[in-house]
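Q: coordinates for the following, if possible.
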Amino acid sequence: MGKGTAARTAIILLVIMAGLLGNVGHSLASFGHDQKLTKGTFAIDAVVTLPTTQRGDEEEVELATVPQASVLIKVEYPTKGGFHTKGKTDKTGYWQHKWQVHADYPGTAAVVLEIIKSNQRRFYTVHFTVQSAAAATGTVTTATATSVTTVTVPSGTTTVTPTATDTPTPTPTATGTTTTGTVPTDTPTDTPTATATPTETATATATATATNAGTGYAEPSSFELSSDSEGDSPTNFFTSGQTVYAVAQYDNVSGTPNVAFNWYSPDSNSGTTLYQTTQESAPPNTDPSQFEYSSLSLPSSPSGVWYVQLVVNGYPEAEERFYLNDGTDPDPSDIFEQDPSSVQFYYAYGVGEPAGPATTSFSISNTHIVYAYMTFPQWISVNVPYFTWVDPSGNQYQSHSYTFWADNNDPLNVMVAFDVAGQNLQPGTWQLQLNGNTIGTFTLTS
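A: Next up is the predicted model:
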């Protein structure tokens, strides 16, 4: 991975030491859960792949410590910006994380690692230098959008045709507003070439009027659920009376987009139904250290599987599944994530599954968002996969992280959205990568 021999040797030795010294018992720690933690005495070592970087480079941190430890990483860029995410060390105490540098200013960046094992916690910080702050590529200054007057959320078997369109009027994002609404979808003009094979049964049947679309765009770099507004208590399991917070971070914002959250409850007849639409707490902010959220006070029923979609200008950009009165947080020591199967691309979306037929070819002029759906056959405990879109020249264009907690080994359907409208995208074959490995390709045509 581009590291010197000495650095790699140090990591390997620390991994071996950690395996010999680590606590082999189950971890009791879980980020965001109240517990008394003491200062840890276990060994830690970490290195970054690139001591000197510039915007757009792929950076990586490698950690060697005790086995099966919870890891919280916070990257702080010079002057402003950064992000955080979570992970677990493996059975040897090893963990790594890759990301694309999005620093806007040169200087020294910090990678702060918090490691928790049983009731012990230690911090470790490494630094790297951002040599220059080159302008981001692949964006344009003006975005276009189409406001859909009335739509029906698809059932997962047919495409959706909007009944009317009009020209959107720029509108400031509302704060603290609760409305009813649904999510419009595109009408494809290309002829799909494949057949959808969704694996989950949840579908949406709600019909309502879409809110004003707003202008510009907002692309989330992370989206997760938490029992607090700062995202410090991540979970997908809630009980009646609790408040669920949908927490987002953004790395690409333009104009005054309208950001809302559609909350879907279980429905015995149709799978899911639109329960409520809420607005974000504040306009999207490109500073990744800023968390923006919307919240929902949960009712006593219906229990079961719920969904929330982060919707920008009427189109979902991210989706999370959560449970009401159904299960509890898993033991963070048990981690299992398979590679996804059934990775396919769509014009249209549903709730918990895609809508319409799959395709591998999209017209840039007639596509608003490319939706990638994939099924993970098993997903145990907390996993944080990292998705990256790669352009035809092999350059990383955009990245997202997805966090989900599970206490069973049920299949999980994951949706990842890629904005096309309003972007100056390169025609050709694009890749979707998961943790650095290509899992699907599609073509953008001019």
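Q: not counting its neighbours along the chain, what's nearest Y77?
A: Distance criterion CB to CB, 6 or more residues apart in numbering; nearest residue to Y77, sequence neighbours excluded, is A103 at 4.0 Å. Every residue, glycine included, has its C-beta placed from N, CA and C.
Q: what helix or strand is that neighbour on?
A: Secondary structure assignment for A103, by DSSP states H and E: no helix or strand.
Q: what about it, neighbour count?
A: Neighbour count for A103, taken as other CB atoms under 10 Å: 27.
Q: look up phi and psi at it.
A: Note on A103: its backbone torsions stand at phi -80, psi 140 [degrees, to the nearest 10].
Q: test my guess that it contacts R55.
A: Yes: applying CB atoms under 8 Å, one finds A103 in contact with R55, separated by 5.7 Å.
Q: ok, back up a step: distance of the residue nearest to Y77 from T53?
A: Using CB to CB, to the nearest Å, A103 is found at 8 Å from T53.
Q: now the common contact residues for those two.
A: Common neighbours of A103 and T53, using CB atoms under 8 Å, 6 or more residues apart in numbering, are A109, V130.
Q: low-confidence ranges in the chain?
A: 1-38, 80-81, 133-213, 288-290, 330-338, 380-382, 407-408 (pLDDT under 70).
Q: walking through it, point out its helices one by one.
A: Along the chain, the stretches classed as helices by DSSP state H are 5-21.
Q: mind giving me the domain split of it?
A: Following automatic domain parsing, the chain resolves into domains at 5-130, 147-445.
Q: give the bridge partners for F404, please.
A: F404 has these beta-bridge partners by DSSP bridges: N383.
Q: list the contacts of it.
A: Contacts of F404 were listed using CB under 8 Å, 6+ apart, and they are N236, E320, R321, W379, V382, N383, L412, V414.
Q: out of those, which are inside strands?
A: If you go by DSSP state E, the contacts of F404 have E320, R321, W379, V382, N383, L412, V414 in strands.
Q: for the second one, what are its contacts?
A: Which is R321. Under the criterion of CB under 8 Å, 6+ apart, the neighbours of R321 are N236, V305, W306, Y307, G352, F404, L412.
Q: beta partners for it?
A: R321 has these beta-bridge partners by DSSP bridges: Y307.
Q: with the third one instead?
A: Assessed by DSSP bridges, W379 has beta-bridge partners E337.
Q: ditto for the last one
A: Assessed by DSSP bridges, V414 has beta-bridge partners M374.
Q: ok, it touching S401?
A: No: checked against CB under 8 Å, the pair V414 and S401 is beyond contact range at 11.5 Å.
Q: overlap in contacts of these two?
A: Residues touching both V414 and S401 (CB under 8 Å, 6+ apart) are P385.
Q: quick one: the strands in the stretch 201-350 of the chain, in order.
A: Taking DSSP state E, counting those that start in this stretch, the strands of the stretch 201-350 of the chain run over residues 203-204, 207-209, 217-226, 237-238, 243-254, 259-267, 271-279, 292-297, 304-312, 315-324, 336-337, 341-346, 348-349.
Q: A46: which of these is closest?
A: strand 217-226 (21.3 Å; CB to CB).
Q: circling back: so which of the contacts of R321 is the closest to I44?
A: The nearest member of the contacts of R321 to I44, counting by CB to CB, is F404 at 26.9 Å.
Q: for G40, see how far away the closest one is.
A: As judged by CB to CB, F404 and G40 stand 27 Å apart.
Q: can you report how many residues neighbour the nearest residue to F418 once chain neighbours are set aside?
A: Leaving aside its sequence neighbours, F418 sits nearest to V370 (CB to CB, 6+ apart; 4.4 Å). Neighbourhood size, V370 [other CB under 10 Å]: 21.
Q: next one: S268
A: With other CB under 10 Å as criterion, S268 counts 8.
Q: ok, it - contacts?
A: Per CB under 8 Å, 6+ apart, neighbours of S268: none.
Q: in stretch 427-445, what's buried?
A: Using 16 or more other CB atoms under 10 Å as the test for burial, stretch 427-445 gives W430, Q431, L432, Q433, L434, I439, G440, F442, L444.
Q: again, but for stretch 59-74
A: 59-73.
Q: for stretch 252-269, same thing?
A: For stretch 252-269, by 16+ other CB under 10 Å, it's 252-267.
Q: and the end-to-end length of that stretch?
A: In stretch 252-269, first residue to last residue: 39 Å (CA to CA, to the nearest Å).
Q: quick one: the strands in the stretch 1-150 of the chain?
A: 38-39, 45-48, 52-53, 58-64, 70-76, 82-88, 94-100, 107-117, 120-130, 147-148, 150-152.
Q: restricting to C-alpha, output the second one in PDB.
A: The C-alpha trace of strand 45-48 is given here as PDB (Å, rounded to 0.1, in the frame of the first residue of the first chain):
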ATOM      1  CA  ASP A  45       0.600   2.100  17.100                       C
ATOM      2  CA  ALA A  46      -0.700   3.800  14.000                       C
ATOM      3  CA  VAL A  47       0.800   5.200  10.800                       C
ATOM      4  CA  VAL A  48      -0.600   7.100   7.800                       C
END
